[in-house]
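Participant: Dropping the sequence and predicted coords here.
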Amino acid sequence: IRDFRVLLQNFSDHMPVSFSFVHESVSREQSVPLLPKLRWVDKSKERYKVSLASLVGGLNESLLADESGLEHLTAAVEQAAEMSGMVRTGPPVAKKKWFDWECSKARDRSFGLLKLMRISSDSEMV
C-alpha cells in the first residue's frame with residue numbers, strides 16, 4: 001500500500017477511506033499465453049478421455065516441470081479434443097476483428113431475451 005488516508009467529508013455521515021497500491025506489472029516474457037478454448041461435447045466425453053490417456057500416458061510430474069513438458073501437455077489436450085470432435089470449426093463470421101465466440105454467445109443470448117420479451121409482451125424482464 002502506497003498511501004492510506006481517512007478523508008473528512010463535511011457532507012457525509014461516514015469518513016471515506018482513500019488508499020492506493022503499488023503494482024509491478026509482469027513482463028510479456030513471464031506471462032503465460034492464452035490457451036485456445038475448446039468446445040465441450042458431453043457425448044464425446046469417453047472418446048476424449050481415452051484419447052487423452054493414450055497421449056499423456058507416459059507423462060509424469062517431473063516432465064511437467066519444464067516448458068517443453070507443458071507444451072507437450074497442451075498439445076495433447078488439443079489433439080485429444082480434435083480426435084474426439086471437440087474442436088471449434090473456426091471463428092464466427094464477423095465484420096470486426098474483435099468479434100469472437102464470447103461476443104457471439106452474448107449476441108445469441110441478447111436475441112433470445114428479446115424474443116422472450118416479445119412473446120411475453122411484458123416490459124418487465126426478470
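Facilitator: Looks like it came in fine.
Participant: quick one: the longest helix along the chain to chain centroid distance?
Facilitator: Determined from DSSP state H, the single longest helix within the chain is helix 101-120. Distance of helix 101-120 from the chain centroid (CA atoms, centre = their mean, to the nearest Å) equals 20 Å.
Participant: And stretch 48-60, by the same measure?
Facilitator: 24 Å.
Participant: Give the buried residues for that stretch.
Facilitator: By neighbour count on 16 or more other CB atoms under 10 Å, the buried set for stretch 48-60 is 48, 51-52, 55-56. (Glycine included, C-beta is placed from N, CA and C.)
Participant: now stretch 73-84
Facilitator: The neighbour-count check on stretch 73-84 (16+ other CB under 10 Å) flags 73, 76-81, 83-84 as buried.
Participant: quick one: least confident helix or strand in the protein?
Facilitator: strand 17-20 (a mean of 78; mean pLDDT, DSSP states H and E).
Participant: Which element, helix or strand, includes the residue nearest the centre of the chain?
Facilitator: The centre of the chain sits closest to Lys37, judged by CA atoms, centre = their mean, with a distance of 7.5 Å. Using DSSP states H and E, Lys37 falls within no helix or strand.
Participant: So for it, what's the nearest residue that isn't a sequence neighbour?
Facilitator: Closest residue in space to Lys37, ignoring its immediate chain neighbours: Trp101 at 6.7 Å, by CB to CB, 6 or more residues apart in numbering.
Participant: The residue nearest to the centre of the chain touches Ser104, doesn't it?
Facilitator: No. Between Lys37 and Ser104 there is no contact under CB atoms under 8 Å: 11.9 Å.
Participant: in this protein, which spans are strands?
Facilitator: With strands called from DSSP state E, the chain shows them at 3-6, 17-20.
Participant: Does anything pack onto the first one? Which helices or strands?
Facilitator: Using 3 or more CB pairs under 8 Å, 6 or more residues apart in numbering; DSSP states H and E as the contact definition, the elements that strand 3-6 packs against are strand 17-20.
Participant: Run through who's touching the strand it packs on.
Facilitator: Residues outside strand 17-20 that contact it (CB atoms under 8 Å, 6 or more residues apart in numbering): 1-7.
Participant: Paired strands for that strand, with orientation please.
Facilitator: Under the criterion DSSP bridges, strand 17-20 sits next to strand 3-6 (antiparallel) in its sheet.
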